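Asker: need a structure here:
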Amino acid sequence: MKVVFLTLGSRGDVQPYVALAKELVKSGHEALVCTGASFRGLILENDVGFHEATADLMAILESEEGRKVFNGGQYNILKMLNYAKEVITPAYRRSMDDFLDASKGSDLIIYHPKALGAVDIAAYLNIPCICMPPIPIVYPIPDFPSIVVSSKRNFGPFLNKLSYKATSLGEASYMKEINDFRKKSLQLLKRKSGEFAFKVSGKSIPIVYPISPFLFKEVEGWRDKVFLPGFFFLDLGEVELNDELEKFLISGEKPIVVSFSSMPLKNPTLFKDKLIKALKETGNRAVVLTGTSGMAFENEEKIFTVNQAPHRLIFKKAKAIIHHGGVGTTSEALLSGAPQLIMPFTVDQPFWAQRLYSKGYTISPLKEKNLETSDLVEALKEMENDQYIRKAEEIKNIIESEKGLEKAVKYIERVVLK
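Answerer: Numbering: from 1, shown residues only. Here you go, the predicted structure:
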């Protein structure tokens, strides 16, 4: 069986597909991931096939122009709309043709909702497809609203389900390009937005959320509609931490690990100063993965900084973890067995912050805005509480036992071979 994965976005939008593709290859199948060039190395080094998509959203976000437009999370709507029209929309349109080329000869398409035209391609090639968003954002349920609308409030069953229509707006804004692709590349008639949301060629599209079923065991709305195999963890192989970082780790007590991944802080210097003061007041050491946060440290004896490091390896060395709450980082933090504080920025991050806090697996979330040094001091002290240490170990054992990748491969084999 040959499976093609179509996805666009940041690392959190790509790594789960790479992990599953690698597991499929280990199980004797072929796998190929079509996405932006920023992830060529990640994909190829995991022995998975790569096909480049024109829309490299990660490169756009990290470019000088992209940083100006998105302005460290302080979004300028007019600039964003103009940039989307001139740069992103044309790239999306060309990516649909890239997706088509990548999908030819495949037995199955697994796609991210951002991969516009994926279902149209599956219908054209007459092959099955699976919708696999990395976060629970597609299927309408009465249990809680779409995270696009709210991460905290519950509007009641009817409005909760209705809120998921917000997800379809993403496709609606690109229907001109999708129908141009259908006409010119697939020789198909135009269609309406949302027409392929849940069905294609008269058959339901299977939906897989690569997240922990334990964290959503009370959710009834997905029953028999959405499959939750567990989080997907990429096999790191022989990857190791660099020697300087290892030397720092063994030279003293376990550190607090801080990572905001690709999230830029609005005032990195101010946050850095507050973090340093909080660490000194609580007697903690720290490893800070600076990423694109904007933080820069100078000669801090008890703080080791590095641009990035494998979360799996560094988190398991942590006394506690402070992070932004993206689904990939959150799953790795849960797997580490260390207490954690989530400081969410945007998208799904407030959702994970609220859900884990409500279940007792993190302390109360904080936000950069209006953050005081005393808030960080209190958080660092709270994560030393036996209650959070026990809960962190408890959820670690559960997450480990779920074996999400193995279950997902068996599910995929059933979908294609049934």
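Asker: Show me what the mean pLDDT comes to for stretch 39-52.
Answerer: Stretch 39-52 carries an average pLDDT of 96.
Asker: Which residues outside it are in contact with it?
Answerer: 4, 11, 14-15, 18, 21-22, 25, 30-37, 58, 98, 101-102, 234-235 (C-beta atoms under 8 Å, 6 or more residues apart in numbering). C-beta coordinates here come from the backbone N, C-alpha and C atoms, glycine included.
Asker: got it, and stretch 24-33?
Answerer: Against stretch 24-33 from outside (C-beta under 8 Å, 6+ apart): 1-5, 7, 14, 17-18, 20-22, 39, 43, 47-51, 102, 106, 409, 412.
Asker: follow-up on the earlier one: please pick the buried ones from the contacts of stretch 39-52.
Answerer: The neighbour-count test (16 or more other C-beta atoms under 10 Å) applied to the contacts of stretch 39-52 identifies 4, 11, 14-15, 18, 21-22, 25, 30-36, 58, 98, 102, 234 as buried.
Asker: So which of the residues you listed sit within strands?
Answerer: The strands, defined by DSSP state E, take in V4, E30, A31, L32, V33, C34, T35 from these.
Asker: Which pair of those residues spans the longest distance?
Answerer: Farthest pair in those (C-beta to C-beta) is E30 and T35. Separation: 17.0 Å.
Asker: L186 contacts N126, correct?
Answerer: No: assessed by C-beta atoms under 8 Å, L186 is found out of contact with N126, at 11.9 Å.
Asker: Tell me where the stretch 51-200 of the chain has strands.
Answerer: With DSSP state E, counting those that start in this stretch, the ranges of strands along the stretch 51-200 of the chain come out as 108-111, 129-131, 199-200.
Asker: deepest of the ones you listed, which one?
Answerer: strand 108-111 (a mean of 25; mean count of other C-beta atoms under 10 Å).
Asker: re earlier: could you flag which of the contacts of stretch 24-33 are buried?
Answerer: Counted by 16+ other C-beta under 10 Å, those give 2-5, 7, 14, 17-18, 20-22, 39, 43, 48-51, 102, 106, 409, 412 as buried.
Asker: If you drop the residues flanking it in sequence, what lies closest to D235?
Answerer: Among residues not flanking D235 along the chain, K22 sits closest, at 6.2 Å (C-beta to C-beta, 6 or more residues apart in numbering).
Asker: check contacts around the one you found.
Answerer: Going by C-beta under 8 Å, 6+ apart, the list of residues near K22 reads A31, N46, D47, V48, L234, D235.
Asker: What's the separation between it and G49?
Answerer: 11 Å (C-beta to C-beta, to the nearest Å).
Asker: Then P128?
Answerer: Counting by C-beta to C-beta, the gap from P128 to G49 is 19 Å.
Asker: Poorly predicted segments of the stretch 101-250 of the chain, please.
Answerer: Across the stretch 101-250 of the chain, nothing is flagged by pLDDT under 70.
Asker: one more time with 90
Answerer: 148-153, 165-173, 201-202, 224, 235-239 (pLDDT under 90).
Asker: Tell me which stretches of it form helices.
Answerer: 118-125, 157-162, 169-172, 175-184, 243-250 (DSSP state H, counting those that start in this stretch).
Asker: so of those, which one's packed in deepest?
Answerer: helix 118-125 (a mean of 23).
Asker: who touches that helix?
Answerer: Residues contacting helix 118-125 (C-beta under 8 Å, 6+ apart): 6, 96, 99-100, 103-104, 106, 109, 111-112, 128-129, 178, 181-182, 186, 188, 191, 196, 200-201, 205.
Asker: right, and A37 touches A55 too?
Answerer: No: applying C-beta under 8 Å, one finds A37 not in contact with A55, separated by 10.1 Å.
Asker: Mind checking which of the contacts of stretch 24-33 are in helices?
Answerer: Filtering these for membership in helices, criterion DSSP state H, returns V14, Y17, V18, L20, A21, K22, I43, A102, V409, I412.
Asker: Take stretch 333-352, keep the C-alpha atoms, and write them as PDB.
Answerer: Output of stretch 333-352 as PDB, limited to C-alpha atoms (Å, rounded to 0.1, in the frame of the first residue of the first chain):
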ATOM      1  CA  ALA A 333       5.500  17.400  27.900                       C
ATOM      2  CA  LEU A 334       2.900  14.800  29.000                       C
ATOM      3  CA  LEU A 335       5.200  12.000  28.000                       C
ATOM      4  CA  SER A 336       8.100  13.400  30.000                       C
ATOM      5  CA  GLY A 337       6.500  12.900  33.400                       C
ATOM      6  CA  ALA A 338       7.400  16.400  34.500                       C
ATOM      7  CA  PRO A 339       5.000  19.000  36.000                       C
ATOM      8  CA  GLN A 340       4.200  21.800  33.500                       C
ATOM      9  CA  LEU A 341       3.000  25.400  33.100                       C
ATOM     10  CA  ILE A 342       1.400  26.400  29.800                       C
ATOM     11  CA  MET A 343       1.500  30.000  28.600                       C
ATOM     12  CA  PRO A 344      -0.700  29.900  25.500                       C
ATOM     13  CA  PHE A 345      -0.500  32.300  22.600                       C
ATOM     14  CA  THR A 346      -3.000  31.400  19.900                       C
ATOM     15  CA  VAL A 347      -4.800  28.800  17.800                       C
ATOM     16  CA  ASP A 348      -5.200  25.500  19.800                       C
ATOM     17  CA  GLN A 349      -2.800  26.500  22.600                       C
ATOM     18  CA  PRO A 350      -5.500  28.100  24.900                       C
ATOM     19  CA  PHE A 351      -7.600  24.900  24.400                       C
ATOM     20  CA  TRP A 352      -4.900  22.600  25.600                       C
END
